[in-house]
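*Asks:* Give me a model of this one.
(one chain, ligands or ions: 6)
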Amino acid sequence: CSSGFIANPRARKLICPDCKNVTCAQCRTSVSIIVNLMLGVTWEAAHEGISCVAFARWKADNDAEVAAQGVAKHLAECGITCPKCKFTYSLAKGGCMHFTCTQCKFEFCSGCGQPFRQGKKCTVGPYCERLGLHAHHPRNCLFYLRDKEPQQLQNLLKEAGVSFDTEPQGGSSEHQGSGTRALCQVQEQKELPDGLKDDICGRVVPNGYAGLCRLHYTEYLVEKINTHRLDPVGIFDEADLRVCLRRNGKTVPIRRWESEKLYKDKLIKLIKEHLPLEALE
Ligand SMILES: [Zn+2]
Ligand SMILES: [Zn+2]
Ligand SMILES: [Zn+2]
Ligand SMILES: [Zn+2]
Ligand SMILES: [Zn+2]
Ligand SMILES: [Zn+2]
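*Replies:* Numbering: from 1, shown residues only. Ligands and ions are numbered 1, 2, ... in the order given. All right, here's what the predicted structure looks like:
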């Protein structure tokens, strides 16, 4: 980073105004603020109380951990932007797709940005009234894809020749850490009894999921699918296809003589014909 530094006279801390990296004024060791967030360790906790030598050792010990956070970091960097006030959050989308903007209180889907509305207040289709709080997600929204097997999503990417990670970026899985089971370090918004809070995911990390929990690995794969504009309709089951048509105000044809396979193909054809795949922002 070449933006120069603003020195905080009270501390040994230099903060870059552009990339927000924190550098020690004495030893010039820097720690990315995003990595700090991911590790749940603040710069203060890492260096304020200890010498520069001890800090260097701490940083070396944690660099493998930092590498393992590569994918997690990427997810947070893609972030969530409020479609109404454009405020951006460095958070992953997480399991609950219902996101409330803390700035303007707008409620929207973190996967596609569509507004969440109560059934009676939504006028998209006659079917809406019977629904509770809902949004009209396009079919490439994480809403439809979060329950799919990661393997199904991987196959979709493979067929299109798109590469994806299965191991943490640059990190070795043999890292001699504290010996504790790896927990997902992705930042997300959690709904707690006392309100909304940004916190680390903390779910267990299975092997082959690039250092992420199943949920956030799915989110990573879906993001790849969307940046390459792949149509996920091929991995939808019959229920997904019905919801997709109904939520978009289309009538679902009744299955008559067709086999299950033919009926599914018919629904897929309808979706492809009437609902063009739109790029997600
Ligand atoms: Zn230092
Ligand atoms: Zn907002
Ligand atoms: Zn919620
Ligand atoms: Zn509706
Ligand atoms: Zn959505
Ligand atoms: Zn996670």
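*Asks:* what helix or strand is residue 215 on?
*Replies:* Residue 215 belongs to helix 214-227 when elements are defined using DSSP states H and E.
*Asks:* That helix - contacts with which helices or strands?
*Replies:* helix 70-78, helix 142-145, helix 150-159 (3 or more Cβ pairs under 8 Å, 6 or more residues apart in numbering; DSSP states H and E). Where you see a C-beta, it was placed from the backbone N, CA and C, and this is true even at glycine.
*Asks:* For residue 139, what is the enclosing helix or strand?
*Replies:* Counting by DSSP H and E, residue 139 is part of no helix or strand.
*Asks:* so how far is residue 89 from it?
*Replies:* Residue 139 is 24 Å from residue 89, where distance means Cβ to Cβ, to the nearest Å.
*Asks:* How about residue 212?
*Replies:* 18 Å.
*Asks:* can you check residue 197 too?
*Replies:* Distance from residue 197 to residue 89, by Cβ to Cβ: 12 Å.
*Asks:* Is there a neighbour count for residue 280? I'd like the number.
*Replies:* Using other Cβ atoms under 10 Å, residue 280 has 18 other residues around it.
*Asks:* So between residue 212 and residue 89, which is more surrounded?
*Replies:* Remark: of residue 212 and residue 89, residue 212 carries more neighbours, 29 against 19, as counted by other Cβ under 10 Å.
*Asks:* which SS state does the more buried one fall under?
*Replies:* Classification of residue 212 by DSSP: H, G, I helix; E, B strand; the rest coil places it in coil.
*Asks:* Need phi/psi at it.
*Replies:* The phi and psi values for residue 212, taken as degrees, to the nearest 10, are phi -120, psi 160.
*Asks:* Kindly report the same for residue 196.
*Replies:* Dihedral angles (degrees, to the nearest 10) for residue 196: phi -80, psi 140.
*Asks:* Please list the residues of the stretch 151-281 of the chain that sit near ligand 6.
*Replies:* 184, 186, 201, 203, 213, 216 (Cβ under 5 Å from the ion).
*Asks:* quick one: the first one and residue 210 touch, right?
*Replies:* No. Using Cβ atoms under 8 Å, residue 184 and residue 210 do not qualify as a contacting pair, with a distance of 10.4 Å.
*Asks:* Of the residues of the stretch 151-281 of the chain next to ligand 6 - the most surrounded one?
*Replies:* Neighbour-wise, these (other Cβ under 10 Å) top out at residue 186, 30 neighbours.
*Asks:* so what's it scoring on pLDDT?
*Replies:* Looking at residue 186, its pLDDT reads 83.
*Asks:* Against residue 79, how distant is it?
*Replies:* Residue 186 is 12 Å from residue 79, by Cβ to Cβ.
*Asks:* So what touches stretch 100-119?
*Replies:* Stretch 100-119 is contacted by residues 80-85, 87, 93-94, 97-99, 128-138, 140-143, 196, 222, 280-281 when judged by Cβ atoms under 8 Å, 6 or more residues apart in numbering.
*Asks:* And stretch 262-273, by the same measure?
*Replies:* Against stretch 262-273 from outside (Cβ under 8 Å, 6+ apart): 139, 231, 233-234, 236, 238, 241-242, 244-245, 250, 252-253, 255, 258.
*Asks:* Of those residues, select the buried ones using a PyMOL command.
*Replies:* Of the contacts of stretch 262-273, the buried ones go into a single PyMOL selection, burial set by 16 or more other Cβ atoms under 10 Å:
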select buried, resi 139+231+233+236+241+244+245+250
